[in-house]
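Engineer: sequence plus predicted model, see below.
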Protein chains: 2
Amino acid sequence: MKYSLTTQGMLERAFRFFPYQEVVSRTLTGIHKYTYADYYRRVNQLAHALRQLGVNRGDKVATFGWNDHWHLEAYFAIPSMGAVLHTVNIRLPEEHIVYTINHAADNVLLVSADQLPIILKVRDQLTTVRHIVVWGDDAPEGSGVLQYEALLAEQPDRYPWPEDLDEWEPAGMCFTSATTGNPKGVVYAHRALYLHGKMLGMADTIGLSMRDTVMPVVPMFHVNAWGIPFAAVFLGCRQVLPGPRPTPADLVQLISQERVTISAAVPTVWLGVLNELERESRDISSLSRICVGGAALPRALAQAFQEKFGRPMLHVYGMTEATPLVTVGTLKPHLEQLSPEEQQDYRDKQGLLVPGIEMRLVDDEGNDVPWDGTSIGEVWFRGPWIASEYYQDERSSEAFIDGWYHSGDLGVVDSEGYLKLVDRTKDVIKSGGEWISSVDLENAIMGVPGVAEAVVVACPHPKWDERPLACVVAKPEAAGSLTKEAILNGLRQRFPSWWIPDDVVFLDEIPKTGTGKFDKKLLRARFSSHYQIAAAK
Amino acid sequence: MKYSLTTQGMLERAFRFFPYQEVVSRTLTGIHKYTYADYYRRVNQLAHALRQLGVNRGDKVATFGWNDHWHLEAYFAIPSMGAVLHTVNIRLPEEHIVYTINHAADNVLLVSADQLPIILKVRDQLTTVRHIVVWGDDAPEGSGVLQYEALLAEQPDRYPWPEDLDEWEPAGMCFTSATTGNPKGVVYAHRALYLHGKMLGMADTIGLSMRDTVMPVVPMFHVNAWGIPFAAVFLGCRQVLPGPRPTPADLVQLISQERVTISAAVPTVWLGVLNELERESRDISSLSRICVGGAALPRALAQAFQEKFGRPMLHVYGMTEATPLVTVGTLKPHLEQLSPEEQQDYRDKQGLLVPGIEMRLVDDEGNDVPWDGTSIGEVWFRGPWIASEYYQDERSSEAFIDGWYHSGDLGVVDSEGYLKLVDRTKDVIKSGGEWISSVDLENAIMGVPGVAEAVVVACPHPKWDERPLACVVAKPEAAGSLTKEAILNGLRQRFPSWWIPDDVVFLDEIPKTGTGKFDKKLLRARFSSHYQIAAAK
């Protein structure tokens, strides 16, 4: 049957079968709760309002906000009416915010009240935005900004969703930061969001279910919060959206109070939650899956969760170009028979390819390298939710070649098929012609007592081309007492001598990118002469 | 990305990630075991062999066999090479076997050794079959029949699967019995098999997983064993295939010995298993999901499983036109808080629509009827694995109208969205202008002590147009002692007086159709004058 896989069917399911299910949303003014029946009505009203503002099929509508019910309304109203949801990353530098909105040619912009000042500041540079609509607050007098609630208030509660919406039409759009230059845009077809959402409901991935209360901490303004909001509506999950800048205490409070069963966040967030729980004990026993990704998972963090709460963390891996998930660290049943230490070796890895995607591990010459757990290759992907290009961007040809997406991540795959990343192609350290994994070193350093954060970068070296340099932030209580020797000794037991960084520099903090990742590019630039200078001394 | 959803990707996953996983197959000569690595090699060899026999893209290849590893090899080799797998129903009458093979224009026929005599008997009437290949035995001398193992033996173990296979190309084909005339053919696109398979892996359906050992008792010659073999390979499940004519003792032995975690069968099979377990106690505690469908689930059966083994049965519903599953009786979490009796009321129903399908409940005039648990309507479906026509058949226009498949099943949907079938449109009893559900009466009669099987059919009646007639088979120990009054008394407490059958006839057995269902058409014909005669007396 010629039936299109679109967000319309996903939305309809929540309304038809789970109208009583709750969406809990933390806002600047408190906890907001309503049901999918309320949600559905407002999604329909939003579509009417956007239509009234002149949004047509294929037009881009930008969002600039937090994980809350307003954003969730945009998630379904915009694509289901045939427009394109562009979730602008609010953490980008201003110039990139302007670039992404203009490059996407966004038509209308929906913005959280507390983020409105940023938008008003750059407003004159936005060349395509015709209307700005503010969520959850009065628009400033005379600003020409429209108020979301007022716009929705008078709208009919059923929108005539276009029946001819095709699954190949664009539904969503995100930008990903580039090493140099402007962010690169990725467009998601309805089909990709649908198939990715269905994948998240599979027992062997993260198994999202109508039994779940799901709390995505990963932001809705970045890679669609890993696609969780789309899947959660589709599958009738109860949702808890943690709102603006949630602190670890906010998150623990929500988990405990709303009995969250599954949540997803980057490692630093879980580290904060762990510290908060050490500060004040709370019942988080409802949490059966603790998903972590976006950066390598420090073993110490995973072990702490396992020991203190009897729950393994579930490592996932993805990227903007992949809608985003490609692997999940679910253990095969026979691996659960291994010793806790051996199990953790598997759980540390990025995981097993999710059903539906294909993966290759390829060397510099384009040959497949064996899945033997030691041979390093670049990871390539193809599948129904992998992008085929960057949006109107010449850089597409660097990453999308002959039907495969070249991820730029270097990894090894073991004989069970578990992927372990060892580096970014651009972050790997080439010393004397051999590769050194910055990620492995960083994970080991983060396990040294007293270390809060660590990054290892390549520094040009007069003899070896490049040598590793460790940049370390000490925990407050260890500041002053943590030594270079303590750190390097921690590494000497585990790595060959030529992997050991030649030096350690202590920093007050590691600079972060717009998406919250360690900014290695900046550190490389800052310390580019470190070993030259050291050698000259 | 333009990536096609085909059986190729599903097959590749089993080989890449689960090469050590076992396929256990009961054959005429004993238990056969091999791994997905072995399986993959033979699937490739089979494709080579078929290519050598002249099978081209789009050609139909028929199978005529049991649930075993040979059949499973055909399940992936045929569609993955671009040909079409036509699973011929071995239980059809000979004339329909001939019709379906000729109507599909099957090119090659793969047949189980014990079924070969049937094929040889009708061979002269087969107008398109060029080669007959026999599984698992020597071909009779001089018969011109090819031997499967000999054909495969010399083939290379990697087949160059066509890279341009499109997801809309036909992959499979089944026929469904019609009320009158020849069976009707349904063609499954690759996309349908893929999306249906993915659905079976979702936590909220039957949650097939790499953790499972799955045993489909529902036949691979009929509606693809509910699509389980496709999903099981895709998801890397261990499989147990119960082979030719498994007895309840065989099934119990396999469950217990191979630690089966999930199985699927029609109610009569589970009834046999229950009796077998009462005869001789065995450990079936590995079985976490007992799927039942294909006919209404008698409450007494479900309760017996619940009471004796602490496991609810999982009711599913589907049809050839739907690849086949459309509903699964998984309880919503809040319904699990109800009393055991109230829970069973939900579990008795056909269940909740699986994610991805749309459903309507429609009256005679084509208006949607409310989902209130009492309003009856015909059930309509549409979605990515619902067919759009019968294969080259004028009867398509009766069932596929304006993008919806009209199932011919009458049901009610409650406010939670659970579907309960009350009848086939053609089986419903119209008494004095009101509808009486034959299914509800049958289920109640089957709960009366001493009743083995029961069917209620409409009989023409001089005053009320139609009145229900109960046809009952007594259990051996109750034969002679079971009375009409005992049966009708059992109904009087539960149904309005005008629903109560005017008469009960005792039969030695209920006639069955080719697919093992009660043959109501035959009974209606046989008893068409029953009330006229009674009235005339």
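Structural biologist: Yep, it's here.
Engineer: please, which helix or strand holds the nearest residue to A:Glu509 once chain neighbours are set aside?
Structural biologist: In this structure, A:Glu509 finds its nearest non-sequential neighbour in A:Val473, 5.8 Å apart by Cβ to Cβ, 6 or more residues apart in numbering or on different chains. No exception for glycine: its C-beta is placed from N, CA and C like everyone else's. Secondary structure from DSSP states H and E places A:Val473 in strand A:465-474.
Engineer: could you pull up the mean pLDDT of that strand?
Structural biologist: For strand A:465-474, the mean per-residue pLDDT is 93.
Engineer: counting by contacts, list what it packs against.
Structural biologist: Applying 3 or more Cβ pairs under 8 Å, 6 or more residues apart in numbering or on different chains; DSSP states H and E, one finds that strand A:465-474 makes contact with strand A:429-431, helix A:438-446, strand A:451-461, strand A:503-506, helix A:530-536.
Engineer: what's near enough to touch A:Ser25?
Structural biologist: Residues in contact with A:Ser25 (Cβ atoms under 8 Å, 6 or more residues apart in numbering or on different chains) are A:31-33, A:68-70, A:72, A:240-241, A:243.
Engineer: please identify the buried residues of stretch A:431-447?
Structural biologist: A:431, A:436-447 (16 or more other Cβ atoms under 10 Å in any protein chain shown).
Engineer: equivalent analysis for stretch A:257-277, please.
Structural biologist: Buried, per 16+ other Cβ under 10 Å, within stretch A:257-277: A:258, A:260-274, A:276-277.
Engineer: narrow the residues you listed to those in helices?
Structural biologist: A:258, A:267-274, A:276-277 (DSSP state H).
Engineer: of all these, which comes closest to chain B?
Structural biologist: When these are ranked by distance to chain B (Cβ to the nearest Cβ), A:Glu258 comes first, at 14.5 Å.
Engineer: kindly report the residues of the stretch 401-537 of chain A close to chain B.
Structural biologist: By Cβ under 8 Å from any Cβ of the partner chain, the residues of the stretch 401-537 of chain A that approach chain B are A:403, A:405, A:416-417.
Engineer: of these, just the buried ones, PyMOL syntax please.
Structural biologist: Restricted to buried positions by 16+ other Cβ under 10 Å, the PyMOL selection for these reads:
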select buried, chain A and resi 405+416+417
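Engineer: just the ones of the residues of the stretch 401-537 of chain A next to chain B in helices?
Structural biologist: Among these, no member lies in helices (by DSSP H).
Engineer: for ChimeraX, what selects the buried ones among the contacts of A:Ser25?
Structural biologist: The following ChimeraX line selects those of the contacts of A:Ser25 that are buried, judged by 16+ other Cβ under 10 Å:
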select /A:32,68,69,70,72,240,241,243
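Engineer: same list (the contacts of A:Ser25) but as CSV, adding distance to chain B and pLDDT.
Structural biologist: Output for the contacts of A:Ser25, formatted as CSV (distance: Cβ to the nearest Cβ, whole Å; pLDDT from 0 to 100):
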residue, distance to chain B, pLDDT
A:Ile31, 21, 97
A:His32, 22, 97
A:Lys33, 16, 98
A:Asp68, 24, 98
A:His69, 22, 98
A:Trp70, 25, 98
A:Leu72, 18, 98
A:Val240, 16, 98
A:Leu241, 20, 98
A:Gly243, 25, 97
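Engineer: number of nearby residues for A:Gly480?
Structural biologist: 9 (other Cβ atoms under 10 Å in any protein chain shown).
Engineer: so what's it up against?
Structural biologist: A:Ala474.
Engineer: can you give me phi and psi for it?
Structural biologist: With angles defined as degrees, to the nearest 10, A:Gly480 sits at phi 100, psi -40.
Engineer: can you check A:Leu85 too?
Structural biologist: phi -80, psi 110.
Engineer: tell me the contacts of the closest residue in space to A:Glu416 that isn't next to it in sequence?
Structural biologist: Leaving out its chain neighbours, the residue that sits closest to A:Glu416 by Cβ to Cβ, 6+ apart is A:Lys332, at 6.4 Å. Contacts for A:Lys332 (Cβ under 8 Å, 6+ apart) come out as A:352, A:416, B:210.
Engineer: so what pLDDT did A:Lys461 get?
Structural biologist: Just so we're on the same page, residue A:461 is His rather than Lys. Listed pLDDT for A:His461 reads 88.
Engineer: correction: A:Leu92
Structural biologist: pLDDT, read off for A:Leu92, is 89.
Engineer: contact partners for it?
Structural biologist: A:100, A:175, A:177, A:183, A:514 are the contacts of A:Leu92 under Cβ under 8 Å, 6+ apart.
Engineer: how far away is A:Pro79 from chain B?
Structural biologist: A:Pro79 sits 17 Å away from chain B, going by Cβ to the nearest Cβ, to the nearest Å.
Engineer: so what's that residue scoring on pLDDT?
Structural biologist: 98.
Engineer: what is the burial count for it?
Structural biologist: A:Pro79 has 27 nearby residues by other Cβ under 10 Å.
Engineer: these two touch, right, it and A:Ala192?
Structural biologist: No. Taking contacts as Cβ atoms under 8 Å, A:Pro79 lies outside contact range of A:Ala192: 11.1 Å.
Engineer: what's the overlap in contacts for those two?
Structural biologist: Common neighbours of A:Pro79 and A:Ala192 (Cβ under 8 Å, 6+ apart) are A:Ala171.
Engineer: of the ones in helices among the buried residues of stretch A:257-277, closest to B:Ser288?
Structural biologist: A:Glu258 (28.6 Å; Cβ to Cβ).
Engineer: contact partners for the closest one?
Structural biologist: By Cβ under 8 Å, 6+ apart, the residues touching A:Glu258 are A:24, A:213, A:215, A:238, A:240.
Engineer: likewise A:Arg347?
Structural biologist: Applying Cβ under 8 Å, 6+ apart, the residues near A:Arg347 are A:302, A:312-315, A:329, A:331.
Engineer: give me the subset of those that lies in helices.
Structural biologist: Using DSSP H, these in helices are A:Ala302.
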